[in-house]
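Novice: Below are the sequence and a predicted model for it; my questions follow.
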Amino acid sequence: MATSPAFQLASVYHCQSVFYTVSHDVRKGKCEKDWGILRFRHGPGSTSSLTMGSHDRRLATQSFNQAWAWDLFPDALRSQDVTGDQGGLKGNLALILALAAFSAQPNNVEDALKTGFKKGHWVRHNLPDGRRDERGVVVLVYEDPGRSSASILRGFEEGLVFA
């Protein structure tokens, strides 16, 4: 059976409310100089695009009813501007999945992912968060021939993942 093509890879490490990122599998060798800090690029409509190399340190804005902002990000990364209905998240799919993994403890990640992603919305899973110092995850996103391609996945990243 043929293997699906890989679309994107990210290794993410958490320490003291900071997420360090790199775009390769750190389990396959040393990369001490390659790490960057997870950042945002603020866009139109108060959206935040999750990246490995931008300069914005927090979400642009968020509303009280956006469960994803509260579950996926520690206080240090959430916006200080909590308003009505504004804010949205898009960007690097592997990073978004990594944050979803960090939203639960390691033994509950599968449940968090199954519960969390529902038709373009994040649904609170009410599991204890898994943001512990010195925890890391590696996320590899594959294309699914016949269902998704690199262009479909890029389109997903460029649209709002969560509103």
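Specialist: It's in.
Novice: what about the residue nearest to the spatial centre of the chain, is that helix, strand or coil?
Specialist: By C-alpha atoms, centre = their mean, the chain has its centre lying nearest to Ile96, at 1.7 Å. What DSSP: H, G, I helix; E, B strand; the rest coil gives for Ile96 is helix.
Novice: measure it to Ser49 for me?
Specialist: Separation of Ile96 from Ser49 (C-beta to C-beta, to the nearest Å): 10 Å. Yep, even glycine has a C-beta here, placed from its N, CA and C like the rest.
Novice: Need the overlap of contacts for the two.
Specialist: Residues touching both Ile96 and Ser49 (C-beta atoms under 8 Å, 6 or more residues apart in numbering): Leu89.
Novice: show me where this structure has helices.
Specialist: 67-72, 93-102, 109-116, 150-158 (DSSP state H).
Novice: Please identify the deepest-packed of those.
Specialist: Mean neighbours per residue, mean count of other C-beta atoms under 10 Å, is largest over those for helix 93-102, with a mean of 23.
Novice: circling back to that earlier point, separation between the residue nearest to the centre of the chain and Asn107?
Specialist: Distance of Ile96 to Asn107, given as C-beta to C-beta: 21 Å.
Novice: How about Leu127?
Specialist: For Leu127 relative to Asn107 (C-beta to C-beta), the value is 10 Å.
Novice: Looking at the two, which is more packed in?
Specialist: Neighbour count, other C-beta atoms under 10 Å: between Leu127 and Asn107, Leu127 has more, with 17 against 9.
Novice: Report pLDDT for the more buried one.
Specialist: pLDDT, Leu127: 92.
Novice: Please verify my assumption that it contacts Leu113.
Specialist: No. Using C-beta atoms under 8 Å as the test, Leu127 is too far from Leu113 to be in contact (10.8 Å).
Novice: pull the longest strand from this protein.
Specialist: Using DSSP state E, we find that the single longest strand of the chain is strand 6-15.
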